[in-house]
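Participant: any chance you can model this:
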Amino acid sequence: MMPLDDRDAPLLTLLRVGSIFAPERLEATEILIADGRIAALGRDLAVPEGWPVRVVEARHLTAVPAFIDQHVHVTGGGGEGGCGTRCPEITAHAIASMGIGTVVGVLGTDGISRSPADLLAKVRGLRDEGIAAYMYTGSYRVPPPTLTGDVQRDLAWIPEVIGLGEIAISDHRSSQPRQDEIERLVSEVRVGAMLAGKLGICHFHVGDGKRGLEPLRRLLGETEIPAEQVIPTHVNRHRDLLEEAADYALTFDANVDVTAFDDTDEDDLSGFGAVSQLLRRGVAVERITMSSDCNGSLPEFDARGAFIGMRVAGNTTLIGDWQRLVREAVLPLDQALDLVSGNVARVLGLDGRKGRLAIGYDADITLLDNDLQTQQTFVAGRRLYARNAPF
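Facilitator: Below you'll find the model as predicted:
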């Protein structure tokens, strides 16, 4: 076999690792990648002599599905304190260095100076750099800004658009949408997604307002919309909301997304603490996902709602909280992986190609050391990150 380095683009790549979690542990220790997908899993895999293949020797590392972050402000969030408080864009290196292979870009409060067109351009730029990137059309606002002037057309004609979000509810920064407006938006997304052959979820930002999840409880209780159509995020913003999220998940067999806040001083509201609490309340692990809110703003407001300061969110806390769930034996590795891979792929409608290490799936693979630290990240078979190596 003829080894090739990362400057080349070989048709074949052979990974030799110590163990593979798909997320369940496999007997295999080798992964053959062909044209960006997993072609074979096994031991002592052979490639015909003379075929162009890159061989990666990593027998001290564990291969897992690359992580999926469904809530990233790829163009930067913020702006609540004026133009000088807009957050920076994220880089492909910052994504891949955390073992993340797939991101979904969102617009937040600022749907004026940043538009769905800006978001689409950034998503396509990340794709050019190797990251599997998607986006939600819309922003906090209702009616939402779109690319084509219509939510259904965005879903039908823009491949990167997989849903609508992040629509803000129960927040002083939201547009205070009426219940009928929420129901109309979700129904439009559902039909548009059906026509496009997508799942078409609606991603809801939940603030710390007194209404909490009530708009979504009414949506699922009073209409025919299935629970899989909506994903509330930031459900660990405060204790009452987290308790309500547990009841919401149990009542409607619904999905909830925990944010790995890196500005919380209360451990029970961290990503680690929130997942632990939801599990204690009886919420199935299959109904829980984790995301970072990366490059979004962490604004501070006084009692009157006036802006007084801001920090920028990162994605290191997401990985740290996930590692802690495994290290403290809250979940075994296979179930913990689903929080940031398999479950996320399912709720986004990407589970036919992502979130697992299986033949025919995208070769999105993260290699972890014994301390669960990312050492290498592959997306569609291309190595985007290797610690201590100049890629």
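Participant: can you tell me the helix or strand for Thr13?
Facilitator: Using DSSP states H and E, Thr13 maps to strand 12-20.
Participant: that strand pairs with which strands?
Facilitator: Each strand pairing with strand 12-20, determined using DSSP bridges, is listed with its direction: strand 30-34 (antiparallel), strand 53-65 (parallel).
Participant: let me know the next secondary structure element after the shortest one.
Facilitator: Sequence-wise, the next helix or strand downstream of strand 30-34 (DSSP H and E) is strand 37-42.
Participant: quick one on the thing from earlier: of the strands paired with strand 12-20, which approaches Ser170 most closely?
Facilitator: In terms of Cβ to Cβ, the element of those nearest to Ser170 is strand 53-65, at 32.9 Å. Any C-beta I mention is one placed from the backbone N, CA and C, and that applies to glycine too.
Participant: hmm, who's touching the helix or strand just after the closest one?
Facilitator: Toward the C-terminal end, the helix or strand that comes next after strand 53-65 (DSSP H and E) is strand 67-72. Applying Cβ atoms under 8 Å, 6 or more residues apart in numbering, the contact partners of strand 67-72 are 90, 95, 98-106, 166, 203, 231, 233, 257, 259, 289, 291-295, 315, 318-319, 322, 340-341, 344-345, 347-348, 350, 354-355, 366.
Participant: hang on, the earlier thing: out of the strands paired with strand 12-20, deepest packed?
Facilitator: Sort those by mean neighbour count, taking mean count of other Cβ atoms under 10 Å, and strand 30-34 sits at the top with a mean of 22.
Participant: with only the CA atoms kept, save that one in CSV.
Facilitator: Taking Å, rounded to 0.1, in the frame of the first residue of the first chain, the C-alpha atoms of strand 30-34 are listed here in CSV:
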residue,chain,number,x,y,z
GLU,A,30,-10.1,-0.9,11.4
ILE,A,31,-12.2,1.4,9.3
LEU,A,32,-11.9,1.6,5.5
ILE,A,33,-13.1,4.9,4.0
ALA,A,34,-13.9,5.1,0.3
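Participant: what angle sits between that strand and strand 37-42?
Facilitator: Orientation of strand 30-34 against strand 37-42 (axes from the mean of the first three to the mean of the last three Cα atoms, to 10 degrees) gives an angle of 150 degrees.
Participant: in the stretch 101-250 of the chain, which spans are helices?
Facilitator: Remark: helices assigned in the stretch 101-250 of the chain by DSSP state H, counting those that start in this stretch are 116-128, 151-157, 179-196, 214-222, 239-252.
Participant: please produce a markdown table containing the ones you listed, extended by mean neighbour count.
Facilitator: As requested, the helices of the stretch 101-250 of the chain are exported to a markdown table (neighbours: other Cβ atoms under 10 Å):
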| stretch | mean neighbour count |
| --- | --- |
| helix 116-128 | 18 |
| helix 151-157 | 21 |
| helix 179-196 | 18 |
| helix 214-222 | 17 |
| helix 239-252 | 18 |
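Participant: so where is the stretch 51-200 of the chain shaky, pLDDT-wise?
Facilitator: For the stretch 51-200 of the chain, residues meeting the criterion pLDDT under 70 lie at 78-81, 83-85.
Participant: fine by me, thanks again.
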